[in-house]
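Engineer: fold the following, please.
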Amino acid sequence: MSGQVTPSFGGALKREFSKDKVAMISLILLIVILLGIFIGGTFFVKRPDYMIVNLLERYKLPFTDGHIFGTDGSGHDVFKMLLIGGRNSLFIAFAVTLITNFIGISIGIICGYYGGRIDNIIMRIVDFLTILPQLMIIIVLTTIVPNYNAMTLVLIISAFGWIGTVRPIRARVLTEANRDYVKASKTSGSSNFAIMFREILPNIISLIIAGLTLDLAGNIGLETGLTFLGFGLPVGTPSLGTMLNQATNPETMTGKPWVWIPSAIFILIIVILIIFVAQAVRRAGDQRQSQ
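Structural biologist: Predicted coordinates for the structure are as follows:
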């Protein structure tokens, strides 16, 4: 049965994007922007472009001396900083999203499938972790952890980011676990692992994809916010948050807006595009469930 569910969701997804032109355009723009950021930030921006300070190039206006978006206080080209900073921020957001969803989905499936004592013990742990001041703990950990780098930030955020994924997955699996195809698989002698991850998992893929897209938008905002406050990426590592942080200087915020506005607009556009795509995915999932 699992082999029939995925094409059904794929068909619903295709129909939804065909009907919703805004979602289709958002998906195309999102793919183009992400490819541009990762390719441009990887192959067209060199280390000297963001590591070497050039005082003679400080605060040049946009479209001056070949600088499309101008330069910042260190003489760095704002467009190149946007490419490398966007790549770093998106890499962290993607990494956190994949790690947290892998953990959250796995735990949610196990809890929903087995139920009973296993479910009670794990969910009480999740309840306890939920009431903790997670953002404050993340800030403290980023401050005290030695040899701090981008991967460290990913692991610190991921340590708590999976908690919100467990409940919706568990609730859905509780329903799926009582369906006829699961009972038939148990009767035929299929292992619990096979039932959970080969039978049930494909049937909740719509919920997973919708959650992934929304989590990605949230993680972009989280990384940007932490770095803006000075608790994200290490000093000297370009990111969207470090570009926005320059707006904390009143003179830069009002007198040199080209330094920080591109990153703010980029974040806004990316998040809006992701939300439009996520809404279309969720509607496609709802259609498949109603069939």
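
Engineer: could you check the pLDDT of the most centrally placed residue in the chain?
Structural biologist: Closest to where the C-alpha atoms of the chain average out (Cα atoms, centre = their mean) is residue 216, at 2.0 Å. Here, the pLDDT recorded for residue 216 equals 92.

Engineer: and residue 212, what does it touch?
Structural biologist: Contact analysis of residue 212 by Cβ atoms under 8 Å, 6 or more residues apart in numbering lists 97, 101. The way it works is simple: take the backbone N, C-alpha and C, and place the C-beta from them, glycine included.

Engineer: and the closest residue to residue 36 other than its chain neighbours, helix, strand or coil?
Structural biologist: Sequence neighbours aside, residue 83 is the residue nearest to residue 36 in space, at 8.0 Å (criterion: Cβ to Cβ, 6 or more residues apart in numbering). On the three-state scheme (DSSP: H, G, I helix; E, B strand; the rest coil), residue 83 is labelled helix.

Engineer: for the residue nearest to residue 256 when sequence neighbours are not counted, give me its contacts.
Structural biologist: Nearest non-adjacent residue to residue 256, counting by Cβ to Cβ, 6+ apart: residue 59, 5.6 Å away. Neighbouring residues of residue 59 by Cβ under 8 Å, 6+ apart: 70, 71, 72, 73, 256, 259.

Engineer: quick one: which of those residues sit in helices?
Structural biologist: Applying DSSP state H to those, no entry is found in helices.

Engineer: top of these by neighbour count?
Structural biologist: residue 71 (26 neighbours; other Cβ atoms under 10 Å).

Engineer: if I look at it, how far off is residue 242?
Structural biologist: Using Cβ to Cβ, to the nearest Å, residue 71 is found at 15 Å from residue 242.

Engineer: likewise for residue 97?
Structural biologist: 21 Å.

Engineer: for residue 19, same thing?
Structural biologist: Distance from residue 19 to residue 242, by Cβ to Cβ: 40 Å.

Engineer: among the two, which residue is more densely surrounded?
Structural biologist: Taking neighbours as other Cβ under 10 Å, residue 19 and residue 242 compare with residue 242 leading, 26 against 11.
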